[in-house]
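**Q** below is the sequence, then the predicted model.
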Amino acid sequence: MSSIAAQFRSVSFPGASFPAARYLDDVASPGHRDDIDWLRAIAVLSVVAFHFETPGIFGGFVGVDIFFVISGYLIIGILQSEIAQGRFSFTGFYERRLRRLLPALYVMVVLTALPSLHFLLNSERAEFFRSAVAVVTFTSNIFFWQQSGYFDRAAVEKPLLHSWSLAVEEQFYLVLPVLIWGVLRFAHGRRLVLPITLVMLAAASFALGLILMRDGASASAFFLSPARAWEFLIGGLVALPGVRQPRPGLAQRSARGLSLLLMAIPILSLRPGPGFPGLNAVAPCLGAAMFIWSGIGVASPARGALSPLSLLQFFGRISYSLYLWHWPLFAFARFAKPGLVLEAHEKAALFALTVGVSYLSWRYVEQPFRSRSLAATPRAAFSMAAVASLLLLLGSGVGEILGSFSSEADRAAAQLDAYNDYDMKPVYRYGTCFTTSDGRLGDACLTAVPGKTNILLWGDSFAAHYYYGLKASLDPEVINIMQATQPACMPTLSAETQGLASCRAFAAQMRDYFGEQKPDLVVMSADWLEYARPPRFGGMIADLRQTITRLNEAGIAVVLLGPSLQFRARLPSMLARAQLRGIAATSEQFVRADIYALDQMMRNALPVGEGLSYLSVLDAVCPEQRCPLTEHSLPLSFDHAHLTAEGSVYVMAKVAPSLKMVLP
């Protein structure tokens, strides 16, 4: 150890002139870097904005990746600095981590358990307490990896879901000190051993993530620590001795500007889904590392309390508590609404409440433990952590046992909630006439039957969900229904307007099909609300007009079904919460209001004539905007809009009379 200390004796933690170990424990120390607080604020506000569904913040989830880079920079900087000064101890390191993470985390878990007794189904309460056990054992990421994807529908109903990232950090903290200490012991004064080791590990971690995503295991790449380690390590590389400071002036400002751009682009434009992390995580992580690097050696001037950067620094200081509290508060606020959707003003009020709660957590929970006014000695800190962990584990066990008992309301709500896991594949003809691997359909989906009226149902999933009901509503002895549907593919003959490769292949196939075949009627349906999002309405209408004109010129009549019935959130979840709380479920609370306006806009914009009939699904199903929610006590939809078999039969039974009137 003495040789290692001699090697690094003169090394200081980049950008700081004080003992590195104090960085995470005393934000008011003389060498504190304000810009890292700004970066923390960018990270946490991005995550909060994403979870609060703020318009325009589509990729705010990358804030977690930014946090990982910050943690890597700080922790690796602390470790190598302490080892260099000959004062590193595993006990001291883990005591600081314990003080930093556990008090605020445990308080959040305990207080979050209280509303779970009122707002969650019994099965969900049992799962909540199992997730609390995972929090205490630093395995939340593994627990939620086994449950569902981060972007899945069930994610919004898990109040402790956000703790997965803390488990990744905790696992990083368990491994990294041993790794750094062992590498430096092995290096025997060779300065390049540590950076080379970190680069190799980062490359291996990144490659692992890419392999997992290539093999369809994107959830593993998202949740599990080995595939995330590279994000910490690139931050740690910036903290190593020998990293040159940026030249002051233009070079430093350019690096800072580029770093902000690298983070802003994914925050504003990246969409959630199975394409993350992988290559999509590179830009925000590099941006965070460059932001940190561009601030090395830069002084932090005094600023007024009302300065925007002072406000940003405030959010950076409370970022840990803000991250802890924002998600459970949002989850339970949603549960308190019959429609499970918060209005803009409610989200603004909730954000203010979240900031207030987070400040109290920072001031009265985080700070006393970090300043040692509570649990002043290492022994007291470890003892308190052990007792608190044991009590949480025991309490969670009791909560899980109680969650196994259910009331009549619980059972009725659970039956509705089961539709959230509805198997739509046989109803939608998944894999054959809907959601094929290459975007092209088999001949069986498009085969006409001589002597019958051949109707082609064409569109995306909002066409596929009508097939079952059409088959039930129209006489199969007289009418043959063909199906051409692909997810997220608008029914158009213009492949150039399609964003997905599968949709372009689908459009090309349909163009060839109509060049050779002439069905008696084409029924077009799609998620018009999605394709018409501002400013795309005009383009959607122009594309539809062009396609309909080409079909009419080929002698093919067209029926266009207007917007489908859409709900404000997943219908089974909304019905289950209403049942659990004993409140009436009404269409005014559950149905999206904007579908009616779009229905009228489309009716006015499309040139209805001899070759085109526009049928309003909403007029048929929702007279005077009063819409059904169930059929025979079963949800019409298994999510926010896609129909169940019962829902498809009900809706098409209402639409079929109008459709029969336009049949050739």
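**A** Okay, I see it.

**Q** next, the residue sitting furthest away from the middle of the chain: phi, psi?
**A** Within the chain, the residue lying farthest from the chain centre (C-alpha atoms, centre = their mean) is residue 451, at 50.4 Å. Reported as degrees, to the nearest 10, the phi and psi values for residue 451 are phi 90, psi 0.

**Q** ok, it - contacts?
**A** Applying C-beta atoms under 8 Å, 6 or more residues apart in numbering to residue 451 gives no contacts. C-beta: built from backbone N, CA, C; applies to glycine.

**Q** can you tell me how far residue 536 is from residue 530?
**A** For residue 536, the distance to residue 530 equals 9 Å [C-beta to C-beta, to the nearest Å].

**Q** neighbour count winner among these two?
**A** Between residue 536 and residue 530, counted using other C-beta atoms under 10 Å, residue 530 has the larger neighbour count: 15 against 12.

**Q** so that one belongs to a helix, correct?
**A** Yes: secondary structure of residue 530 (DSSP: H, G, I helix; E, B strand; the rest coil): part of a helix.

**Q** so what pLDDT did it get?
**A** Looking at residue 530, its pLDDT reads 92.

**Q** what separates the helix or strand hosting residue 129 from the chain centre, distance-wise?
**A** Applying DSSP states H and E as the criterion places residue 129 in helix 122-136. Its chain's C-alpha centre and that of helix 122-136 lie 20 Å apart, by C-alpha atoms, centre = their mean, to the nearest Å.

**Q** now that helix: mean pLDDT?
**A** Mean predicted confidence for helix 122-136 is 88.

**Q** and that helix, what does it pack onto?
**A** Other elements packing on helix 122-136 under the criterion 3 or more C-beta pairs under 8 Å, 6 or more residues apart in numbering; DSSP states H and E are helix 90-119, helix 140-147, helix 163-187, helix 378-402, helix 408-417.

**Q** redo the ones you listed as a markdown table? Include mean neighbour count, mean pLDDT and distance to residue 341.
**A** Below are the helices and strands packed on helix 122-136 laid out as a markdown table (neighbours: other C-beta atoms under 10 Å; pLDDT from 0 to 100; distance: least, C-beta to C-beta, whole Å):
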| stretch | mean neighbour count | mean pLDDT | distance to residue 341 |
| --- | --- | --- | --- |
| helix 90-119 | 18 | 93 | 15 |
| helix 140-147 | 20 | 90 | 23 |
| helix 163-187 | 19 | 91 | 24 |
| helix 378-402 | 15 | 92 | 28 |
| helix 408-417 | 18 | 76 | 17 |
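
**Q** quick check: closest non-adjacent residue to residue 48.
**A** The shortest distance from residue 48 to any non-neighbouring residue, by C-beta to C-beta, 6 or more residues apart in numbering, is to residue 326 (4.7 Å).

**Q** do residue 263 as well
**A** Residue 263's closest residue in space is residue 287 (C-beta to C-beta, 6+ apart), at 3.9 Å.

**Q** wait, that neighbour sits on residue 261?
**A** Yes: with contact defined as C-beta atoms under 8 Å, residue 287 reaches residue 261; the gap is 7.3 Å.
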